[in-house]
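In: below: sequence and its predicted model.
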Amino acid sequence: MQRRIVLMLALAATFIFGAVARAANRPNVLLIMADDQTWEDSGVYGNDEVHTPNIDQLAKQGMRFTYCFTATAMCAPTRQQLYTGIFPVKNGAYPNHSKVKPGTKSLVHHLSALGYRVGLSGKRHIGPKESFPFETVKDIKAFIEQDKSQPYCLIVASDSPHLPWSAGDASRYNADKLTLPPYFVDTPETRTALTKYYAEITDFDRELGQCMKFVQQSGQADNTIFIYTSEQGAQFPRCKWTCYDTGVRTALIVRWPGRVKAGSVSDAMVQYVDVVPTLIAAAGGEPIDGLDGRSFLPVLEGKSHKHADVVFGVHTTRGIIDGSPSYPIRSIRTRTHKLVWNLQYDKPFLNILQAGRDRSGYWGSWVTKAEAGDGHAKRTVKHYRWRPQFEFYDLRNDRYELNNLADDPKYRNQIADLHDRLKAWMASQGDKGIETELAANKRDKKRNNKAQPKQPKPKQYSERQL
């Protein structure tokens, strides 16, 4: 009897110590996310005017993805698809200020089951708490060094470079010498806003550098997956709240010494929903049923150079500040082409920028220049408010999606095929388009069960005026 008890205790000890050993060998994860940073606005992604030495250094140490996408260009839906591995309409968090459906699980549950401590430092914008039971982290360095026998996953969610663009030193940027993207209208107010935005990016880069330093000081850098991502586009027209690349395309750099080749670049198409299954796979876990994403660990390890053949976009305007009562947008993108479907194209697209409450001040200067007869300003302002039902772009020759080819007969079959694939994806998500848009307020935790405030009506312009 005693021998049996001893044997049982020995087996239990072996199991426990084995589990501890396996957990100790699993990689740590630190994911730092910017807030409203357009994907190309760092040195290593092609903008040599914005100062981002730490982002650039991280790219030299890891793999830089050039085709990573979030499905939604606004904060709450983006974060919750990243943390759950499930697209916005299916998980319930598709309007802004929304929360996922009760019972939805996140990387907190999945990695905790694999022996991880899972914490979040900074911005939340997620809910309910039961779906995201992160440990609240107030001291990043202390969390990293807390217990080196147990792996950790830490999300560092910065507030930069989200408006009001008050952090950092804008004086280091000369407004007159900045290069503006072609979808901007060149005014003094625009240039001043850009200096403030760039200053916040540089301040975010400082935060990222501090996190890199903490990981290095912990002595665990070689066993830590360090991830930087830029979230969605900045609060400029054609960026945030859109399905254009400057809205839903995102920067992604992954460093994992010994597993990810330093200085490598991948053009595999991945989405935010792929991150959770990738981290689970990296931690040695089994695939989770019910996720929309799938692991791109083979890409990280250099075993594959491809992942998805298309990526999807879904935007809900209902519920954003000063937004249109209903303006759903859906998109599908291949490596070379994109189809954007504006489901209520006969209505104007409205948001806080046009209401004059964006706190940056440049939009009014665009409208003034348009009213004065400037052709580029007129086209830019008009397109931001009024869009056709379909937009189709050849991204090989039209990087910023400015030349709509939807009416060109030679693309008719290609557009029809992409439209069918988009509708099939929507059906798989339970996405009913306009009907789903109109139900958005039921998903909005700030607006649910509250009387809707009367929104100020932005000044309207006829096509003749613009």
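Out: On my side now, so go ahead.
In: please enumerate the helices of this protein.
Out: 2-25, 53-61, 75-84, 88-91, 107-112, 140-145, 188-217, 245-248, 275-282, 297-300, 363-371, 375-385, 412-429, 434-438 (DSSP state H).
In: could these go into JSON lines alongside mean neighbour count, mean pLDDT and distance to residue 315?
Out: Just so you know, the C-beta spots here come from the backbone N, C-alpha and C atoms, and that holds for glycine as well. Conversion of the helices of the chain to JSON lines gives the following (neighbours: other CB atoms under 10 Å; pLDDT from 0 to 100; distance: least, CB to CB, whole Å):
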{"stretch": "helix 2-25", "mean neighbour count": "10", "mean pLDDT": "51", "distance to residue 315": "40"}
{"stretch": "helix 53-61", "mean neighbour count": "20", "mean pLDDT": "98", "distance to residue 315": "27"}
{"stretch": "helix 75-84", "mean neighbour count": "27", "mean pLDDT": "97", "distance to residue 315": "9"}
{"stretch": "helix 88-91", "mean neighbour count": "26", "mean pLDDT": "98", "distance to residue 315": "9"}
{"stretch": "helix 107-112", "mean neighbour count": "20", "mean pLDDT": "98", "distance to residue 315": "24"}
{"stretch": "helix 140-145", "mean neighbour count": "17", "mean pLDDT": "98", "distance to residue 315": "33"}
{"stretch": "helix 188-217", "mean neighbour count": "20", "mean pLDDT": "98", "distance to residue 315": "21"}
{"stretch": "helix 245-248", "mean neighbour count": "27", "mean pLDDT": "98", "distance to residue 315": "8"}
{"stretch": "helix 275-282", "mean neighbour count": "22", "mean pLDDT": "98", "distance to residue 315": "20"}
{"stretch": "helix 297-300", "mean neighbour count": "21", "mean pLDDT": "98", "distance to residue 315": "27"}
{"stretch": "helix 363-371", "mean neighbour count": "19", "mean pLDDT": "95", "distance to residue 315": "19"}
{"stretch": "helix 375-385", "mean neighbour count": "18", "mean pLDDT": "96", "distance to residue 315": "14"}
{"stretch": "helix 412-429", "mean neighbour count": "15", "mean pLDDT": "98", "distance to residue 315": "13"}
{"stretch": "helix 434-438", "mean neighbour count": "17", "mean pLDDT": "96", "distance to residue 315": "9"}
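In: would TSV of these with distance to residue 35 be doable?
Out: Formatted as TSV, these follow (distance: least, CB to CB, whole Å):
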stretch	distance to residue 35
helix 2-25	31
helix 53-61	15
helix 75-84	7
helix 88-91	18
helix 107-112	19
helix 140-145	17
helix 188-217	8
helix 245-248	14
helix 275-282	17
helix 297-300	25
helix 363-371	20
helix 375-385	22
helix 412-429	26
helix 434-438	25
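In: now do the residue nearest the centre of the chain, the pLDDT please.
Out: Most central in the chain under CA atoms, centre = their mean is residue 231, positioned 3.1 Å from the mean C-alpha point. On pLDDT, residue 231 comes in at 97.
In: from residue 36, how far out is it?
Out: 6 Å (CB to CB, to the nearest Å).
In: right, and the helices of the chain - which one's nearest residue 268?
Out: helix 297-300 (4.7 Å; CB to CB).
In: residue 403 touches residue 393, doesn't it?
Out: Yes: counting by CB atoms under 8 Å, residue 403 touches residue 393, with 6.9 Å between them.
In: between the two, which is the more surrounded one?
Out: More neighbours surround residue 393 than the other of residue 403 and residue 393, with 24 against 12 (other CB atoms under 10 Å).
In: and that one, what does it touch?
Out: By CB atoms under 8 Å, 6 or more residues apart in numbering, residue 393 lies in contact with 337-338, 340, 401, 403-405.
In: how close does the residue lying closest to residue 305 once chain neighbours are set aside get to residue 394?
Out: Distances taken as CB to CB, 6 or more residues apart in numbering put residue 268 closest to residue 305, at 6.2 Å, once the chain neighbours are dropped. According to CB to CB, residue 268 and residue 394 sit 21 Å apart.
In: okay, those two: which has more neighbours?
Out: With neighbours defined as other CB under 10 Å, residue 268 and residue 394 compare such that residue 268 has more, 20 against 15.
In: you'd agree that one is up against residue 303?
Out: No: taking contacts as CB under 8 Å, residue 268 lies outside contact range of residue 303: 11.3 Å.
In: which one of the helices of the chain lies nearest to residue 356?
Out: Short answer: helix 363-371, nearest of the helices of the chain by CB to CB, at 6.4 Å.
In: what's the angle between that closest one and helix 375-385?
Out: 120 degrees (axes from the mean of the first three to the mean of the last three CA atoms, to 10 degrees).
In: what about the strands in the stretch 251-400 of the chain?
Out: 264-266, 270-271, 311-315, 329-333, 337-342, 390-394 (DSSP state E, counting those that start in this stretch).
In: related to what we said a few turns ago, is it true that the residue nearest to the centre of the chain touches residue 38?
Out: No: the criterion here is CB under 8 Å, and residue 231 misses it with residue 38 at 9.6 Å.
In: who does residue 155 bridge with?
Out: Beta-bridge partners for residue 155, by DSSP bridges, are residue 31, residue 120.
In: that one: how many residues sit nearby?
Out: By the measure other CB under 10 Å, the count of residues near residue 155 is 25.
In: mean confidence for stretch 316-330?
Out: 93.
In: before we move on, back to that, residues that sit against both of residue 231 and residue 36, list them.
Out: Once CB under 8 Å, 6+ apart is applied, the residues that residue 231 and residue 36 both contact turn out to be residue 75.
In: list the contacts of the closest residue in space to residue 299 that isn't next to it in sequence.
Out: Using CB to CB, 6+ apart and skipping the chain neighbours, the partner closest in space to residue 299 is residue 268 (4.7 Å). Residue 268 is in contact with 65, 67, 296, 299, 304-308, counting by CB under 8 Å, 6+ apart.
In: residue 314 is nearest to which of the helices of the chain?
Out: Of these, nearest to residue 314 by CB to CB is helix 88-91, at 5.7 Å.
In: how far is the closest one from where the chain is centred?
Out: Put simply, helix 88-91 sits 15 Å off its chain's centre (CA atoms, centre = their mean, to the nearest Å).
In: helices or strands next to it in the packing?
Out: Judged by 3 or more CB pairs under 8 Å, 6 or more residues apart in numbering; DSSP states H and E, the packing partners of helix 88-91 are helix 75-84, helix 412-429.
In: let me know which of the ones you listed is the nearest to residue 281.
Out: Residue 281 lies closest to helix 75-84 among the helices and strands packed on helix 88-91, at 16.1 Å (CB to CB).
In: and the contacts of the closest one?
Out: By CB under 8 Å, 6+ apart, helix 75-84 touches 33, 35-36, 70-72, 87-88, 91, 93-100, 104-108, 123, 125-126, 131-132, 155, 157, 162, 229, 231-232, 272-273, 275-276, 291, 316.
In: now the residue nearest to the centre of the chain: how far from residue 241?
Out: In this structure, residue 231 and residue 241 are 13 Å apart, going by CB to CB.
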